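Undergrad: Here's a sequence, model it:
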Amino acid sequence: MSKIKKNNDLKDKKKIKTNLSVNTETNVSNKNIFKNIFKDIFPILPLIILVFFLPFVIRLKLIPLEGPFYDYWTGERVNADFFTYYKKIFIYLVTIWTMIHTFFFTKKIKRTKAYYFMGGYALLVILSTTFSDYPQIALHGFNERHEGMWIVLCYILLIFSTINLVTKESQIKALIYSLGISGGVISLIAIFQFFGMDIFDTELMTNLMIPREIISRLEEISIKFGEGYSYGVFYNPNYLGGYISLYAPLMFTYMIYTKNLKEKIVFGILSFLSILALLFSRSEAGVLGTLISLIIIIFFFVIKHLIHNKSKDEYNRAMLKGVIPIALITTIATLLISYIPMSTNPLARIRNEAFELLGGDAEKLNYREIGPLNNIFINEDGEAEIKINNQEIMITSNGTNVILSDFENEEIYNRPISEKVENLSVGAEKYENLLITTYVSNSEDISSIELNFVDYGNMKLYFMIRGNDISISNSTFRDIEITEAPYIGFHGKGQLGSNRGYIWSRSFPLLFDNLLIGSGQDTFITQFPQYDIYAKQVEVGPAYWQIWEIVDKPHSLYLQIGIHSGILALIIFIVGIGISIFNGIKLYLIKNDFYSLALSSSILGFLISSIFNDSIIAITPIVMILLGLLISRNISLKDEI
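TA: Residues are numbered from 1 along each chain as shown. Take a look at the predicted model:
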């Protein structure tokens, strides 16, 4: 008995020894996992954090406005900025962090011709800022945009760091995962917004977005950035569309090519949610960019399988695996858009506006004859003369009274300058729907007048009175000079693309003033002819209040770069990115590297939507990181060929 017991004890000891050995191997394996995570993920951690968190950096900053920041703005002395100021600070900090990692974790700087394009572009941005008439704006960016020279240089440094820090597929996958999760959350927020459940209109988000010291000073808080559409976390549905145009192609491509069933399901769900969010945003630019990029994915997917002479069975399996999921998801999502009224349906609007655009330009228009406002000027005697719908009114001042009369010298209004009135009918039968509002300043010799022509769409005109002299002003009561700006194209089609037709037609001539260097980053608002009101009343109307609306951006990335940094910089930008995309697609066809196709189609989708959208600091840094990934991938695969 005792012998048997002894043998059993020995067996137990062997078991214990074996278990200990297994546990030791597991510990070693765990250590290797953590070591690999540190080795692969830690160097690119700042890039992951930027891709994941940047869109969610939303917090109120009250910015006092002075100098050109006040002169070209809406008359507010303080700008309540939720979406850009702290993003700017976040980008500065992450860029510095990324450069530190680049210095410590890069053994050898990769060689690529992309640096020539990056360096040339950076040089032109610096020169445009140096010679700008508004260096303060060019350095730091304008109100609610903050995309000045320092931010643009951060974009270039982010490309450089991404090229050199990302060396492995696991790192690319980590960044795609980060973008996937972040974009999934944004898509869900956008979908809930469409159904009237806006996370930003909650007490929790109010407390997160508004500093405590500001909340304590407010009696009532109501935050609503928009109703009836989805904007995600970007405050503008067009920017949500721009984000989805780079996000959806990446998710679709990953879904097609991953062999992991769980990943295929997850990325399929993310793709579907993003398409829903896109359609609910009603952004034509986003729909167009996403649609074209998906067509490109399918096109090159088919081409690649034809090039590699796959058998019929392999080809059919590939089509089932690749084309069918894209077609199925987009079809289901598009069917759901039938719930959106035709007037705001992005697909219907794209079709209608395309037909209108292709219909040809109208003959050159005489805006003074077509619009209600025929003429407005100050005569030699310092009196204001107005001709509206062929009715003539003169405004004069004798130093104490404001006098309105017609051109038959019949007085229709006469009251003291010091008397404040609001929306008062001038009293004359012929002008019974002409309302006047007078504002008295702290200075006794300066007052201002607002005339509201109710019969003509509530068109309002503004004037300043200094003693006997009168001057034309804008809606914020600053003296202005009315201009008739040169324009190119879009005659009579200014309302196309939510007034992009008008903005673009007046922006094209500005390009010729900025051939080698531009006007400086974010200075578009200082260059655009803001007071081309005769044309605005026709091209932007019939909402005549819009004749005084400030145009602070060109609504096109390419016009933005061409005006801010010069046409030469625009050429460098297009050629540089074009070569990277071309190389990416070529390497996909040769090496069957789906990362190259995914990144190329993602960037291309963004570039297409950016024909109609500006660059913003909530999205462009992410695009620059994706561009850096694509260039890094191109370098790695070229070395293997």
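Undergrad: any idea where the strands of the stretch 1-150 of the chain begin and end?
TA: With DSSP state E, counting those that start in this stretch, the ranges of strands along the stretch 1-150 of the chain come out as 61-64, 78-81.
Undergrad: typo on my end, it should be the chain
TA: Per DSSP state E, the chain carries strands over the ranges 61-64, 78-81, 373-378, 384-388, 391-397, 401-406, 411-416, 421-425, 434-440, 446-453, 459-466, 469-473.
Undergrad: Just the buried residues of the first one, please?
TA: Neighbour counts using 16 or more other CB atoms under 10 Å place 61, 63 of strand 61-64 among the buried residues. (Each C-beta comes from the backbone N, C-alpha and C, glycine too.)
Undergrad: Can you spell out which helices and strands pack onto that strand?
TA: Counting contacts by 3 or more CB pairs under 8 Å, 6 or more residues apart in numbering; DSSP states H and E, strand 61-64 packs against strand 78-81, helix 85-105.
Undergrad: picking up where we left off before, now mean pLDDT and distance to Asn414 too, for the strands of the stretch 1-150 of the chain, in a markdown table please.
TA: Compiled in a markdown table, the strands of the stretch 1-150 of the chain are given as follows (pLDDT from 0 to 100; distance: least, CB to CB, whole Å):
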| stretch | mean pLDDT | distance to Asn414 |
| --- | --- | --- |
| strand 61-64 | 94 | 40 |
| strand 78-81 | 92 | 38 |
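Undergrad: closest one to Leu424 among these?
TA: Leu424 sits nearest to strand 78-81 of all those, at 30.6 Å, using CB to CB.
Undergrad: ok, and what's touching that closest one?
TA: Residues outside strand 78-81 that contact it (CB atoms under 8 Å, 6 or more residues apart in numbering): 60-65, 69, 73, 143-144, 146.
Undergrad: go again using 10 Å as the cut-off
TA: By CB atoms under 10 Å, 6 or more residues apart in numbering, the residues outside strand 78-81 that reach it are 59-65, 69-70, 73, 85, 87-88, 143-146, 210, 214.
Undergrad: to the chain's geometric centre, what's the distance from it?
TA: Mean-position distance between strand 78-81 and its chain equals 19 Å (CA atoms, centre = their mean, to the nearest Å).
Undergrad: which neighbours does that strand have in its sheet, and in what orientation?
TA: Take DSSP bridges as the rule and strand 78-81 pairs in its sheet with strand 61-64 (antiparallel).
Undergrad: can you list the residues that contact the strand it pairs with?
TA: With contact meaning CB under 10 Å, 6+ apart, strand 61-64 is reached by 69-70, 76-86, 88-89, 143-144, 146, 211, 214.
Undergrad: so what's Glu392 closest to, chain neighbours aside?
TA: Ranked by CB to CB, 6 or more residues apart in numbering and with sequence neighbours excluded, the top spatial neighbour of Glu392 is Phe407, at 4.1 Å.
Undergrad: Point out where the stretch 251-400 of the chain drops to low pLDDT.
TA: 305-363 (pLDDT under 70).
Undergrad: ok, now which ones touch the spatially closest residue to Ile393 that is not a sequence neighbour?
TA: Closest residue in space to Ile393, ignoring its immediate chain neighbours: Ile386 at 4.6 Å, by CB to CB, 6+ apart. By CB under 10 Å, 6+ apart, the contact set of Ile386 is 373-377, 392-395, 404, 451, 453, 461, 463, 472.
Undergrad: Please tell me how far Ile386 sits from Lys460.
TA: Remark: distance between Ile386 and Lys460 (CB to CB, to the nearest Å) = 12 Å.
Undergrad: Common neighbours of those two, please.
TA: 451, 453.
Undergrad: before we move on, the earlier item: tell me which of the helices and strands packed on strand 61-64 is the most buried.
TA: Among the helices and strands packed on strand 61-64, helix 85-105 has the highest mean neighbour count (mean count of other CB atoms under 10 Å), at a mean of 17.
Undergrad: Which residue, other than its chain neighbours, is closest to Leu559?
TA: Ser507 (4.9 Å).
Undergrad: What's the local residue count around the one you found?
TA: For Ser507, the neighbour count with other CB atoms under 10 Å is 26.
Undergrad: ok, it touching Ser519?
TA: No - look at Ser507 against Ser519 with CB atoms under 10 Å: they stay out of range, at 11.6 Å.
Undergrad: if we can go back for a sec, please report the distance of the residue nearest to Ile393 from Phe453.
TA: 9 Å.
Undergrad: Quick check: neighbours shared by those two?
TA: With contacts taken as CB under 10 Å, 6+ apart, Ile386 and Phe453 have 373, 393, 461 as neighbours in common.
Undergrad: Specify the beta-bridge partners of the second one.
TA: Translated: Ile393. Beta-bridge partners, per DSSP bridges, of Ile393: Ile386, Asp406.
Undergrad: For the residue nearest to Glu392, list the residues it contacts.
TA: 385, 387, 391-394.
Undergrad: Just the buried residues of those.
TA: Buried subset of these (neighbour count, 16+ other CB under 10 Å): 385, 387, 391, 393-394.
Undergrad: Next one: Ile269 from Gly180, what distance?
TA: Distance, Ile269 to Gly180, by CB to CB: 10 Å.
Undergrad: Equivalent analysis for Ser601, please.
TA: Note on Ser601: its distance to Gly180, by CB to CB, is 15 Å.
Undergrad: Likewise for Glu144?
TA: Using CB to CB, we find Glu144 at a distance of 29 Å from Gly180.
Undergrad: So between these two, which is more surrounded?
TA: Taking neighbours as other CB under 10 Å, Glu144 and Gly180 compare with Gly180 leading, 23 against 18.
Undergrad: The more buried one: what's its closest spatial neighbour, skipping adjacent residues?
TA: Nearest in space to Gly180, with sequence neighbours left out and distances taken as CB to CB, 6+ apart, is Leu270 at 5.5 Å.
Undergrad: Same list (the strands of the stretch 1-150 of the chain) but as a markdown table, adding distance to Trp150.
TA: A markdown table is the format used below for the strands of the stretch 1-150 of the chain (distance: least, CB to CB, whole Å):
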| stretch | distance to Trp150 |
| --- | --- |
| strand 61-64 | 16 |
| strand 78-81 | 17 |
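Undergrad: residues touching the residue nearest to Ile49 when sequence neighbours are not counted, list them.
TA: In space, Ile49 comes closest to Val94 once its chain neighbours are excluded; the distance is 6.4 Å by CB to CB, 6+ apart. The contact partners of Val94, taken as CB under 10 Å, 6+ apart, are 45-47, 49-51, 53-54, 154, 158, 161, 621.
Undergrad: From Ser161, how far off is Val94?
TA: 10 Å.
Undergrad: overlap in contacts of these two?
TA: Taking CB under 10 Å, 6+ apart as the criterion, Val94 and Ser161 both touch 46-47.
Undergrad: Could you verify my assumption that Gly408 touches Ala428?
TA: Residue 408: Glu, not Gly. No - using CB under 10 Å, Glu408 makes no contact with Ala428, being 11.5 Å away.
Undergrad: one step back: using neighbour counts, trim the contacts of Ile386 to the buried set.
TA: 373-374, 376, 393-395, 404, 451, 453, 461, 463, 472.
Undergrad: Rebuild those residues as CSV, extending it with distance to Ile571.
TA: Formatted as CSV, the buried ones among the contacts of Ile386 follow (distance: CB to CB, whole Å):
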residue, distance to Ile571
Leu373, 40
Asn374, 43
Ile376, 41
Ile393, 50
Met394, 52
Ile395, 50
Leu404, 54
Leu451, 47
Phe453, 47
Leu461, 43
Phe463, 45
Ile472, 40
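Undergrad: re earlier: which pLDDT does the model give the residue nearest to Glu392?
TA: Here, the pLDDT recorded for Phe407 equals 76.
Undergrad: chain center to stretch 124-138, what's the gap?
TA: The answer for stretch 124-138 is 22 Å, by CA atoms, centre = their mean.
Undergrad: same check, this time on stretch 168-186
TA: Offset of stretch 168-186 from its chain centre (CA atoms, centre = their mean): 21 Å.
Undergrad: For it, the averaged confidence score.
TA: Mean pLDDT, stretch 168-186: 95.
Undergrad: What residues sit buried inside it?
TA: Residues 171-180, 182-186 are the ones in stretch 168-186 that count as buried (16+ other CB under 10 Å).
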